[in-house]
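**Q** Structure, please.
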Amino acid sequence: MSRKISATLVLALSVIAVAQKADNADKQKLIEIEQKFAAITSFNSPAMTDAFQNYLYDGTSSLLVLFGHLYRGPKADAVAATKKPDLNDPDQKMTNKLSDLQVDTYGDTALVSYKLFETDSGHKNPALNGDYRLTCLDTYLKSKGEWYMIGSSCVPNAPMSQAQWDAFTKMDEQQTQQQKPPSQ
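**A** Residues are numbered from 1 along each chain as shown. Take a look at the predicted model:
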């Protein structure tokens, strides 16, 4: 009887060890994906196109970025947006540094939280150049053994200058005006 119990215990511990190893591999893969996104210096770039092609979910995704701007749409639209030059700000670049990465997996779903320190340069409006401190939460879904981002949200975690705030507000108003249908 004790041999059966011992064999069962050894088997159970082996299963737990294999599951933990797989969980650690998943967490490492998610950290690598986040680091790949952080290394991209421009939204409108082949690097972002490749990242979206490889890591964005094939269905509808939701991204919530600064000031509550919500993007919700299919992968094809997001990928297409990375291929268009930003005529309003063609020389804008960013450098990103991630810290405090935390990965929590729940079967085939994962949450990745982190702090992002972003430095922007090259904006037409110099008030937008500078440092931004953000707290982010990304949601992933595992499908066919691969992880895909299905949602992302980043919010400021430190005050911005009044000039940055005013520039973002103006930019937001312009984007809202451009999205309105023409008057009839």
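**Q** Please look at residue 56 and residue 80 and confirm they touch.
**A** No. Taking contacts as CB atoms under 8 Å, residue 56 lies outside contact range of residue 80: 11.9 Å. C-beta coordinates here come from the backbone N, C-alpha and C atoms, glycine included.
**Q** Among these two, which residue is more densely surrounded?
**A** More crowded of residue 56 and residue 80, by other CB atoms under 10 Å: residue 56, with 19 against 13.
**Q** show me where this protein has strands.
**A** 60-65, 69-74, 93-106, 109-121, 130-143, 146-156 (DSSP state E).
**Q** And these: which comes nearest residue 177?
**A** Closest of those to residue 177 is strand 69-74, at 14.5 Å (criterion: CB to CB).
**Q** List the pairing partners of the closest one within its sheet, with orientation.
**A** Taking DSSP bridges as the criterion, strand 69-74 forms sheet pairs with strand 60-65 (antiparallel).
**Q** and the residue lying closest to residue 88 once chain neighbours are set aside, how many neighbours does it have?
**A** Leaving aside its chain neighbours, residue 88 sits nearest to residue 124 (7.1 Å; criterion: CB to CB, 6 or more residues apart in numbering). Using other CB under 10 Å, residue 124 is surrounded by 12 other residues.
**Q** and residue 124, how far is that from residue 84?
**A** The spacing between residue 124 and residue 84, counted by CB to CB, to the nearest Å, is 17 Å.
**Q** before we move on, the earlier item: figure out which of the strands of the chain is closest to residue 163.
**A** That would be strand 130-143 among the strands of the chain, by CB to CB, at 8.7 Å.
**Q** what about the closest one, average pLDDT?
**A** For strand 130-143, mean pLDDT rounds to 95.
**Q** For that strand, name the packing helices and strands.
**A** When contacts are defined as 3 or more CB pairs under 8 Å, 6 or more residues apart in numbering; DSSP states H and E, strand 130-143 packs onto helix 2-38, strand 109-121, strand 146-156.
**Q** Now render these as CSV, adding mean pLDDT and distance to residue 95.
**A** Output for the helices and strands packed on strand 130-143, formatted as CSV (pLDDT from 0 to 100; distance: least, CB to CB, whole Å):
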stretch, mean pLDDT, distance to residue 95
helix 2-38, 74, 9
strand 109-121, 97, 5
strand 146-156, 93, 16
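**Q** These: which one's closest to residue 136?
**A** Closest among the helices and strands packed on strand 130-143, once you apply CB to CB, is strand 146-156, at 4.1 Å.
**Q** Report all helices and strands that the closest one contacts.
**A** Against strand 146-156 (3+ CB pairs under 8 Å, 6+ apart) you get helix 2-38, helix 46-55, strand 60-65, strand 130-143.
**Q** Of the helices and strands packed on strand 130-143, which is nearest residue 133?
**A** Here strand 109-121 is closest among those (CB to CB), at 5.8 Å.
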